[in-house]
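Q: Predicted coordinates and the sequence they were generated for:
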Amino acid sequence: MAKELHIRIDSHIGLLDDGWGWWPGFMAYELEWYLIDMPNPERIVIHIGSPGGDVGEGIKIFNRLLDLRKAGSEIEVINEGECYSIATFIAMAASPGLLKAREASTWMAHKPWMPYTGGTSDDLRKNADELDSFESILVGAYVARTGKPKEEIEAQLREDKIISSTQALAQGWIDSIIPNADLPSAPAAKAKAATQALAFYRPETNNLLNVENKMDDKTQQSLADKIVNGLSGLFKANPKAEVAETPAAVVTPPVVESATEQPVTEQVIDPTVQELADLKAENETLKTQLAELANKDAEITNLKAQLVTAKKAVPGGGDNTPAPAQNFKGDGTGGAPDAKTVAFNSAAERFKQKYNKN
């Protein structure tokens, strides 16, 4: 079996400055980590889902992949969702015919740009020259890979436009599309269930009554429904009249050839009776639980009423009545004087005592 190495590039390329600091994305040296675990792989699959990033780091990754191709490794690149900017340049390192894209993916190649550019006019001209150098490197690889004229590639880079995988294939950026049709298809519709009969033994007539079960795949019946529907047809009318009206539903029981052989009817009756007993017991349990819930509900209602009564007994309680003034003197006057009144009364009392005046 061929040695196959899978590498995922699912973040930005190189270092990213988001204003808060530098954040590392996929770096060129990470390829060496993968190769330590599997040196000299026969096949390398690069899974790309990247918005792009640092041009210099992307060029280093591209060149390292070319070295691996020269060493004998086959390079397959798959666009797993988005392949933008310098990530499209890395994809150019794929071996012939092995640059693929998921049908549900997008592609965008554009001219390199320099963020946070500032400085003098001389600095800006220098930056423009540097960008032109990077662009010439990218355009050279795009032309070599796609076989399209340089002028056409340059025009497409100026558009700075996100395109679908179908458009990328039509424009020659990728070699093939991995279609969504490879996903598992919806399960086929189930065949209609065959009609079955549910048999009940009628001891008073010594006959079997077959109640037709018309259940299909759209209206499935529970076990309880089956039993109730069967019994409703069994007991709703005179047994003799019912059998007479529907002779096709009457089946003659098989002849018992020996005393030790059990009739087939008994094998049908016993489980049915037990199921009815189980349903009855379950019904009684549910009734008991409902009664307990009703008692708890009444208890809660009673507690709520007591709480309302208790709130009304407290000054400023639940009925939002103003709280009466509190009496701190204990003389039943219904309130305590404020600080100014207390001070005035105290001064007046001292004045009367000093001058003996009323």
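A: Noted; the coordinates are in hand. Residues are numbered from 1 along each chain as shown.

Q: CA atoms only for the biggest strand by length in the chain - export them in PDB, please.
A: For the chain, the longest strand by residue count, based on DSSP state E, is strand 74-84. Output in PDB follows, covering the C-alpha atoms of strand 74-84 (Å, rounded to 0.1, in the frame of the first residue of the first chain):
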ATOM      1  CA  GLU A  74       2.900  12.800  -6.000                       C
ATOM      2  CA  ILE A  75       1.100  16.000  -4.800                       C
ATOM      3  CA  GLU A  76      -2.700  16.200  -4.800                       C
ATOM      4  CA  VAL A  77      -4.400  19.400  -3.700                       C
ATOM      5  CA  ILE A  78      -8.100  19.600  -2.800                       C
ATOM      6  CA  ASN A  79     -10.000  22.800  -2.100                       C
ATOM      7  CA  GLU A  80     -12.200  21.800   0.800                       C
ATOM      8  CA  GLY A  81     -14.300  25.000   1.000                       C
ATOM      9  CA  GLU A  82     -12.300  28.200   0.200                       C
ATOM     10  CA  CYS A  83      -9.000  28.800  -1.500                       C
ATOM     11  CA  TYR A  84      -8.300  32.500  -1.700                       C
END
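
Q: change the start of the numbering to 223 and stick with it
A: Okay, using 223 as the starting number, the last item reads as strand 296-306.

Q: Does anything pack onto it? Which helices or strands?
A: Here strand 296-306 touches strand 265-272, helix 277-292, helix 308-313, strand 321-324, strand 328-330, going by 3 or more CB pairs under 8 Å, 6 or more residues apart in numbering; DSSP states H and E. Quick note: C-beta positions are derived from backbone N, CA and C, even for glycine.

Q: can you list contacts of the first one?
A: The reference is to strand 265-272. Contacts with strand 265-272, where a contact means CB atoms under 8 Å, 6 or more residues apart in numbering, come from 224-235, 247-248, 287, 290, 295-306, 309, 312-313, 316.

Q: May I see the buried residues of it?
A: For strand 265-272, the neighbour count (16 or more other CB atoms under 10 Å) marks Ile266, Val267, Ile268, His269, Ile270, Gly271, Ser272 as buried.

Q: swap in stretch 363-377?
A: Under 16+ other CB under 10 Å, the buried positions of stretch 363-377 are Ala363, Tyr364, Val365, Arg367, Thr368, Ile375.

Q: In strands, which of the residues you listed fall?
A: Among the buried residues of stretch 363-377, DSSP E puts none in strands.

Q: quick one: which of those sit in helices?
A: If you go by DSSP state H, those have Ala363, Tyr364, Val365, Arg367, Thr368, Ile375 in helices.

Q: wait, the last one sits on Gly362?
A: Just to be clear, that refers to Ile375. No: under the criterion of CB atoms under 8 Å, Ile375 is not in contact with Gly362, lying 9.3 Å apart.

Q: returning to what we had before: so which of the buried residues of strand 265-272 is the closest to Leu257?
A: When those are compared for distance to Leu257 (CB to CB), Ile266 wins out at 9.0 Å.

Q: Pull the number of nearby residues for the spatially closest residue to Ala363 that is not a sequence neighbour.
A: Counting by CB to CB, 6 or more residues apart in numbering, the nearest residue to Ala363 once its immediate chain neighbours are dropped is Met314, at 4.6 Å. Neighbour count of Met314, defined by other CB atoms under 10 Å: 20.

Q: list the contacts for the closest residue to Ala366 other than its chain neighbours?
A: Nearest residue to Ala366, sequence neighbours excluded (CB to CB, 6+ apart): Met314, at 7.8 Å. Residues in contact with Met314 (CB under 8 Å, 6+ apart) are Phe284, Leu321, Ala363, Tyr364, Ala366, Arg367.
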